[in-house]
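Student: Predicted model, plus sequence, below.
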Amino acid sequence: MDASLGQVMRLVIGAGVETFVATAGRALEEDALPPAEHRPWPLPREPWVMTQGWRNMLFAHWRVPSAALQRYVPRGVTLDTRDGAAWLGITAFVVVRARIRGVPAIPVLSTFAEINLRTYVTAEDKPGVLFLSLDAASMAAVFGARAWFRLPYYVTAGELETRDGWLVFDSRRDHPGAASARFRARYRAGHGGGVPGGEALTRWLVERYCLYCEADGELLRAEIHHAPWPIEPAEAVIEDNTLGETIGVALDDAPLLHFSPGVDAVVWPPRVVRTDRAAA
């Protein structure tokens, strides 16, 4: 997308949605949010703009050298490490009931498979997620998120189906001009025992209540809120995975695996944390 056209689309989509949310959207919907005692900082005071349900989530995490990810970390945030290593995660799931505040979910548009490649960073004492890529089987979601949130979303041919007691996730990136990427796995909740890696590491990985991205010299943060993740051990057979190759990281070792039936989340609009001019 041309830079000037992208800027116009951001202004049109962002201003339009936020104006609606602040007026009709706020009048049509109550702020019945989950309790916030588990959050590391208070909820934003402005109204949230979007809600989504995330279902049948596979979390797969690999320990990787910090140097392998440092070039993808924007200025203004610090790569989070634990026990001397960074973590690269793949999350596969289905988005359900995605909608703008005050607007009913449209069945054809509000449910789709999605897979993310992510790592973890901190800015201003707010630990969050840094998405390296997000592949969604929804052109509307990709277009909207790229234009407004400026996230690296890609169109994918993806689906999640149940087969013989397993959840089977299949994704093939089909975005014009983007590097190809495949992910295919079958997974399910495991049985017995504590969560892999221990409770402290698990919560450090999954309980992140904002996301970061950099675009046009600006560091952006979008706040997120949901109940604590219900987490279980997972069984998974990863049959094809080239997502790591898209950023030059080999994911050959066995990952740390977790499963969650899911949460419902609300999202606030992206806000500038820093600009290159301000930093200078």
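Tutor: It's in.
Student: use CA for all of it now, contacts and neighbours both
Tutor: Will do.
Student: How about residue 261, nearest residue that isn't a chain neighbour?
Tutor: residue 56 (4.6 Å; C-alpha to C-alpha, 6 or more residues apart in numbering).
Student: tally of neighbours for that neighbour?
Tutor: Using other C-alpha atoms under 10 Å, residue 56 has 19 neighbouring residues.
Student: Then it would be within a helix, right?
Tutor: No. Secondary structure of residue 56 (DSSP: H, G, I helix; E, B strand; the rest coil): strand, not part of a helix.
Student: Now do the same contact list for it.
Tutor: 93, 94, 259, 260, 261, 262 (C-alpha atoms under 8 Å, 6 or more residues apart in numbering).
Student: Beta-bridge partners for the fourth one, please?
Tutor: Looking back up the chat, that one is residue 260. In this entry, residue 260 is beta-bridged to residue 57, by DSSP bridges.
Student: For it, grab the count of nearby residues.
Tutor: 20.
Student: is it possible to export the contacts of residue 56 to CSV including pLDDT and distance to residue 199?
Tutor: Formatted as CSV, these follow (pLDDT from 0 to 100; distance: C-alpha to C-alpha, whole Å):
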residue, pLDDT, distance to residue 199
93, 98, 22
94, 98, 25
259, 98, 14
260, 98, 14
261, 98, 17
262, 98, 18
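Student: Redo the residues you listed as JSON lines? Include distance to residue 218.
Tutor: Listed next are those as JSON lines, based on distance: C-alpha to C-alpha, whole Å:
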{"residue": "93", "distance to residue 218": "29"}
{"residue": "94", "distance to residue 218": "30"}
{"residue": "259", "distance to residue 218": "34"}
{"residue": "260", "distance to residue 218": "33"}
{"residue": "261", "distance to residue 218": "35"}
{"residue": "262", "distance to residue 218": "31"}
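Student: Endpoints of stretch 176-195, how far apart?
Tutor: One end of stretch 176-195 sits 39 Å from the other (C-alpha to C-alpha, to the nearest Å).
Student: Thank you, goodbye.
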